[in-house]
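> turn this into a model:
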Amino acid sequence: DSTIYMAYYAVANTLQGDGSNNLDGARSTTISPKAMTPAVWDYVYLDDAKHPSEIDGACGVPDVLLEKMRAEFRYWYPMDLRVSGKDLIGNHLTMCLYNHAAIWPTQAATRWPRSMYTNGFVLLDGEKMSKSTGNFLMLDEACKLYSADAVRFAL
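Numbers count the residues shown, from 1 in each chain. This is a model prediction of the structure:
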């Protein structure tokens with residue numbers, strides 16, 4: 001679910017192969033998707049989870065990578081700040097809180113988001129910028145048109 005994807009991002013670099021820009025999977029990883037059992041995910045995300053080999057009888061993820069994912073998650077979580085659009089308060093951001101509370105009910109201090117910030121809509125020619133209407137600027141276009149400082153200020 002997109003309300004908890006930050007937890008996945010904490011370990012994605014290990015799962016997707018070498019480098020943070022391997023989103024197309026061009027560089028292979030040693031972890032098979034079948035090796036990512038519920039016991040592996042529990043071990044990575046839950047403090048009191050048993051090692052997957054105790055649950056599954058064996059673990060298809062090498063211990064060094066399993067411990068790397070667990071350490072990465074613990075380093076990056078909880079997220080300090082979640083930024084999103086104001087139109088997502090009623091669904092997306094609310095569900096983010098609910099999902100974190102459901103997955104980590106007793107770990108508010110170490111797993112729940114520390115803060116959330118919502119921004120208003122960015123207007124272009126008096127209208128909300130939207131991918132569906134096509135009235136938007138890419139960051140590089142905005143920098144060329146208005147300057148990097150102006151774009152930083154607006155964001």
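> point to the helix or strand of this protein where mean pLDDT is at its lowest.
Lowest by mean pLDDT, DSSP states H and E among the helices and strands of the chain is strand 123-124, with a mean of 72.
> tell me the first helix or strand C-terminal of that strand.
For strand 123-124, the succeeding helix or strand toward the C-terminus, using DSSP states H and E, is strand 127-128.
> that next one pairs with which strands, and in what direction?
strand 123-124 (antiparallel) (DSSP bridges).
> ok now the strand it pairs with, how far from the chain's centre?
27 Å (C-alpha atoms, centre = their mean, to the nearest Å).
> what does it contact?
129, 135-137 (C-beta atoms under 8 Å, 6 or more residues apart in numbering). For glycine as for every other residue, the C-beta is placed from the backbone atoms N, C-alpha and C.
> again, 6 Å this time
Here strand 123-124 makes contact (C-beta atoms under 6 Å, 6 or more residues apart in numbering) with N135.
> for stretch 43-63, same thing?
31, 35, 37, 39-40, 42, 69-70, 73.
> buried subset of the residues you listed, written for ChimeraX?
Per 16 or more other C-beta atoms under 10 Å, the buried members of the contacts of stretch 43-63 correspond to this ChimeraX selection:
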select :31,35,37,39,40,69,70,73
